[in-house]
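In: pasting the sequence and the predicted coordinates here, then a few questions.
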Amino acid sequence: MSEENVEVFKRAVEAANRSDKDAFVALLHPEVEWHTVLPMVGGDAVYRGIEGVRGLLDELWEVLARTEFEFPDIRDLGDHLIAIGHIRVTGGASGAAIDSPFAFVIEFRGSRPYLIRSFIEPNQALEAVGLEE
């Protein structure tokens, strides 16, 4: 994987943190597949294609007043990357704040995220790519 993929990931995180759906999906592969574990949008689910991811973001940002991702640990694994950090959210209706560990494992095709898997337990993400902490 090139440094370009890491930069694409960082731009995607920045777009997500400012709730810029158009900028976010513009970075994705057209045939993206996102496996999410976010309980606030139905738990384990798979979203396919740009429109599927738009639907996920609509669901997420409808329920949450604020979403912020931070990934201090991004590892280059060739055509994959693993990002380990935190997600901080504030509920729209409840105002409840949550700070949780969070991780992504992302496969790239042509420097675009193609297969995205999210994990609440970073160890599960590490195991998914055959690494240990």
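Out: Everything's here; your move. Quick caveat, the model's predicted, so the values are computed rather than measured.
In: all contacts plus neighbour counts: C-alpha atoms, from now on.
Out: OK.
In: list the contacts of the closest residue to Asn17 other than its chain neighbours.
Out: Nearest non-adjacent residue to Asn17, counting by CA to CA, 6 or more residues apart in numbering: Glu68, 5.0 Å away. Counting by CA atoms under 8 Å, 6 or more residues apart in numbering, Glu68 touches Ala16, Asn17, Ile87, Arg88, Val89.
In: tell me the SS of the fourth one?
Out: Secondary structure assignment for Arg88 (DSSP: H, G, I helix; E, B strand; the rest coil): strand.
In: give me the residue ranges of this protein where confidence is low.
Out: For the chain, the stretches with pLDDT under 70 are 1, 38-44, 133.
In: that older thread, who does the residue nearest to Asn17 bridge with?
Out: Arg88 (DSSP bridges).
In: measure it to Ala15 for me?
Out: Distance, Glu68 to Ala15, using CA to CA, to the nearest Å: 10 Å.
In: go on, Glu70?
Out: With CA to CA as the criterion, Glu70 and Ala15 are 12 Å apart.
In: find the helix or strand that the closest residue to Arg109 other than its chain neighbours is a member of.
Out: Excluding the flanking residues, the one nearest Arg109 by CA to CA, 6+ apart is His29, at 7.1 Å. For His29, there is no helix or strand it lies in under DSSP states H and E.
In: mind starting the numbering at 20 from now?
Out: All right, first residue 20 from here; so that's His48.
In: just list the residues touching Ser119, thanks.
Out: His105, Ile106, Arg107, Ile139.
In: can you flag the buried ones in the residues you listed?
Out: His105, Ile106, Ile139 (16 or more other CA atoms under 10 Å).
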